[in-house]
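In: When you get a sec, could you give me coordinates for this:
(one chain, ligands or ions: 1)
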Amino acid sequence: MRKNIVAGNWKMNTTLAEGVNLAKDVNEALKGFTPNCDVVIGVPFTHLASVNAVIDATKLGLGAENCADHKSGAYTGEVSAAMVASTGATYVILGHSERRQYYGETSEILKEKVALALENNLTPIFCIGEVLEERENGSYLEVVKTQIEEALFEMSAEDFSKLILAYEPVWAIGTGKTATDDQAEEMHAFIRNVIAEKYGNEVAENTSILYGGSCKPSNAPQLFAKPNVDGGLIGGASLDAESFMGIVKAF
Ligand code: 13P
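Out: Alright, predicted model coming up:
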């Protein structure tokens with residue numbers, strides 16, 4: 001059966017010292033209790049190796065927030081999937097709406113990133129989600145279906161089974177405006193159905209689909225109670241160990 005997962009996405013926040021302290025705090029909070037979900041933190045590239053050194057990998061997963069769409073070579077400033085893996089990280093967030101919106105990441109580019117992540121044994125947390133206009137004009141289901149099809153549906157069922165998906169409605173990210181539990185459930189059930197049509201029920205049932213967008217300790221229990229919501233990808237609330245743990249404990 002699919003896993004419940006709460007993953008943090010720190011985005012471009014924290015200096016190295018602040019990040020290491022935050023990771024230590026989360027790691028400390030996980031000592032002595034076993035959550036009913038996997039817990040992951042997605043941190044800036046610069047922090048990966050140092051954070052890896054202070055966490056218990058059996059209790060807390062570590063991921064990057066991006067990786068390059070090329071294997072290696074003359075790509076100044078880029079960080080490859082192999083480099084990410086060499087730090088000890090085992091996850092990578094890919095296709096976040098901020099990457100799509102501000103850095104022009106297309107489905108074609110994302111396809112390469114996903115392939116390289118898998119080649120390096122990184123678990124992609126692949127983000128999809130519609131903008132406000134698409135929510136309001138009613139095209140949101142179709143938009144998300146297209147994002148999944150374009151970037152992921154050339155994969156084998158075996159490779160697709162290694163992914164975690166994260167539905168993040170862009171209008172809910174960092175806005176304080178969360179999707180309702182019913183809105184999230186509608187989309188998550190739809191996504192699972194799209195997967196089932198392509199790869200069959202077993203793959204669909206085993207795929208963890210996380211919700212992201214202004215998720216916090218107060219709304220997480222309702223969201224996570226929905227049958228197709230398998231956890232959260234947490235931005236702002238993951239920058240404070242107590243609020244992040246509050247969401248972990250929603251399971
Ligand atoms: P917030 O939780 O800050 O809305 O961010 C969500 C997100 O983008 C996680 O990837």
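
In: can we go C-alpha only for contacts and neighbour counts from here?
Out: Will do.

In: Could you list the contact residues of this protein toward the ligand?
Out: Residues of the chain found near the ligand (Cα under 6 Å from any ligand atom) are 9, 172-174, 212-215, 233-237.

In: residue ranges of the helices in the protein, please?
Out: With helices called from DSSP state H, the chain shows them at 16-30, 48-54, 81-86, 97-103, 107-119, 132-136, 140-152, 157-160, 181-199, 201-206, 220-224, 241-248.

In: Tell me which other helices or strands the longest one touches.
Out: On a contact count with 3 or more Cα pairs under 8 Å, 6 or more residues apart in numbering; DSSP states H and E, helix 181-199 meets helix 140-152, helix 201-206, helix 220-224.

In: from those, which stretch is densest packed?
Out: With neighbours taken as mean count of other Cα atoms under 10 Å, those reach their highest mean count in helix 220-224, at a mean of 20.

In: on that earlier part again, dump the helices and strands packed on helix 181-199 into TSV; add mean pLDDT and distance to residue 39 as well.
Out: Shown next, in TSV, are the helices and strands packed on helix 181-199 (pLDDT from 0 to 100; distance: least, Cα to Cα, whole Å):
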stretch	mean pLDDT	distance to residue 39
helix 140-152	98	24
helix 201-206	98	18
helix 220-224	98	14
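
In: tell me the contacts of the one residue in the stretch 1-150 of the chain that gets nearest to the ligand?
Out: Of the residues in the stretch 1-150 of the chain, the one nearest the ligand is residue 9, at a distance of 5.1 Å by Cα to the nearest ligand atom. For residue 9, the contact set (Cα atoms under 8 Å, 6 or more residues apart in numbering) comprises 41, 42, 43, 65, 233, 234, 235, 238.

In: Pull out the buried residues from these.
Out: 41, 42, 43, 65, 233, 234, 235, 238 (16 or more other Cα atoms under 10 Å).

In: Those residues: which two are farthest apart?
Out: The span of the buried ones among the contacts of residue 9, defined through Cα to Cα, is set by 65 and 238 at 13.6 Å.

In: I figured residue 127 was touching residue 168, is that so?
Out: Yes. With contact defined as Cα atoms under 8 Å, residue 127 and residue 168 form a contacting pair (6.6 Å).

In: what do the two both touch?
Out: Both residue 127 and residue 168 are in contact with residue 97, where contact means Cα under 8 Å, 6+ apart.

In: returning to that earlier point: now, the most widely separated pair of the residues of the chain next to the ligand?
Out: The largest distance within the residues of the chain next to the ligand, taken as Cα to Cα, falls between 9 and 172 and amounts to 14.7 Å.

In: And the helices and strands packed on helix 181-199: which comes nearest residue 1?
Out: Comparing the helices and strands packed on helix 181-199 by their distance to residue 1 (Cα to Cα), the top pick is helix 201-206, with 5.3 Å.

In: what does the closest one rub up against?
Out: Residues from elsewhere that reach helix 201-206 (Cα under 8 Å, 6+ apart): 1, 2, 3, 157, 161, 192, 193, 195, 196.

In: Likewise for stretch 222-233?
Out: Residues from elsewhere that reach stretch 222-233 (Cα under 8 Å, 6+ apart): 2-9, 37, 166, 180-181, 184-185, 188-189, 192, 208-213, 215, 220, 250-251.

In: Filter the residues you listed down to the ones in strands?
Out: Counting by DSSP state E, the contacts of stretch 222-233 place 5, 6, 7, 8, 9, 166, 209, 210, 211, 212 in strands.

In: Which members of those residues are the farthest-apart pair?
Out: Maximum pairwise distance in the ones in strands among the contacts of stretch 222-233, criterion Cα to Cα, is 15.5 Å, between 9 and 209.

In: chain center to stretch 208-218, what's the gap?
Out: In this view, stretch 208-218 has its centroid 10 Å away from the chain centroid, taken as Cα atoms, centre = their mean, to the nearest Å.

In: what about it, average pLDDT?
Out: Regarding stretch 208-218, the rounded mean pLDDT is 98.
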